[in-house]
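# Sequence unavailable; structure follows:
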């Protein structure tokens, strides 16, 4: 038996082949890779088969596995929580490049807490806070930020944060919803059917939540503090104008490979 035939679950090559066939028949483009992840996660062949059935029924792979890979880490993903996207790793890299010495970090609209967990892991000891309006996300983020001593708060944007953070935040990362309302129905079924609407719907032009975050951010940032928000290419100009209107020094960073755009605002020293 080769190393690729054996798995941590004890499944043999026949069961692996069956999983690949079932996933491929369900339309999974990366059936072999997904089968390997399922077999590496499952504890028994029966569990692996059940996981493959759930995936074949349309459940996102990350929810089948119970985790998503993000910035080199396994992030716990619970049902009903927004799945962190690989393109958002670009936001993390931008924050680290701009503020490698950050000591107070806030992950707003945190979802699973993936951004905050990744920043804390790279920065070392930090005061980490995360916040979301969704109680399911708050519970999930608490699990993912626990190792960094993260404090997770439930509430609407800045209302959720303790007042002691005003004027102290070095990195304020906000992965806000930015899909225009009338385009939510056009999203892939994995997002549309399994992720919370509050994490997707950004209002008429997709920028409602972004504008609220930008308007409130200057009073929470430390001198030289950063606000980083992911957006789409077509929204970048309007988002930049919203940033600039608050007096933040603003620029847009892009990664063509990841199809990622991040608007970055800096509070003056």
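Looks like it came in fine. Since the model is a prediction, treat every value here as computed from it, not as a measurement. Numbers count the residues shown, from 1 in each chain.
# all strands for the chain, in order.
Read by DSSP state E, the chain holds these strands, from start to end of the chain: 67-70, 73-76, 104-108, 127-132, 151-154, 169-174, 221-231, 249-255, 260-266.
# For the last one, what is the distance to the chain centroid?
What it means is strand 260-266. Mean-position distance between strand 260-266 and its chain equals 16 Å (C-alpha atoms, centre = their mean, to the nearest Å).
# Which residues does it contact?
87-88, 90-91, 94, 98, 214, 217, 224-233, 235-236, 239-240, 243, 246, 248-254 (C-beta atoms under 8 Å, 6 or more residues apart in numbering). All C-beta atoms are positioned from the backbone trio N, CA, C, and that covers glycine.
# What of the fifth one?
Contacts made with strand 151-154 from outside it, assessed by C-beta under 8 Å, 6+ apart, are listed as 110, 113, 128-135, 138, 141-142, 145, 160-162.
# In its sheet, which strands sit next to that strand, and in what direction?
Applying DSSP bridges to the sheet, strand 151-154 is found paired with strand 127-132 (parallel).
# Equivalent analysis for the longest one, please.
Paired with strand 221-231 in the same sheet, following DSSP bridges, are strand 169-174 (parallel), strand 260-266 (antiparallel).
# and the gap between residue 65 and residue 83?
For residue 65, the distance to residue 83 under the criterion C-beta to C-beta, to the nearest Å works out to 11 Å.
# now swap in residue 254 and tell me
23 Å.
# So which of these two has more stuff around it?
residue 83 (20 against 13; other C-beta atoms under 10 Å).
# where in this structure is pLDDT low?
Where the chain drops to pLDDT under 70, the residues are 1-14.
# And for the residue nearest the centre of it, nearest residue in space, chain neighbours not counted?
Nearest to the mean C-alpha position of the chain, by C-alpha atoms, centre = their mean, lies residue 84 at 2.9 Å. Using C-beta to C-beta, 6 or more residues apart in numbering and skipping residues adjacent in sequence, the residue nearest residue 84 is residue 114, 3.8 Å away.
# and if you look at residue 96?
residue 122 (5.4 Å).
# List the contacts of the one you found.
Contacts for residue 122 were tallied using C-beta under 8 Å, 6+ apart; they are 71, 92, 96.
# Output the strands of the chain as TSV; include the columns distance to residue 184.
Shown next, in TSV, are the strands of the chain (distance: least, C-beta to C-beta, whole Å):
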stretch	distance to residue 184
strand 67-70	21
strand 73-76	24
strand 104-108	21
strand 127-132	19
strand 151-154	23
strand 169-174	19
strand 221-231	16
strand 249-255	24
strand 260-266	19
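# Out of those strands, the one nearest residue 185 is which?
Closest approach to residue 185 among those is made by strand 221-231 (20.2 Å; C-beta to C-beta).
# Okay, buried residues for that closest one please.
Along strand 221-231, the positions that meet the burial threshold by neighbour count (16 or more other C-beta atoms under 10 Å) are 221, 222, 225, 226, 227, 228, 229, 230, 231.
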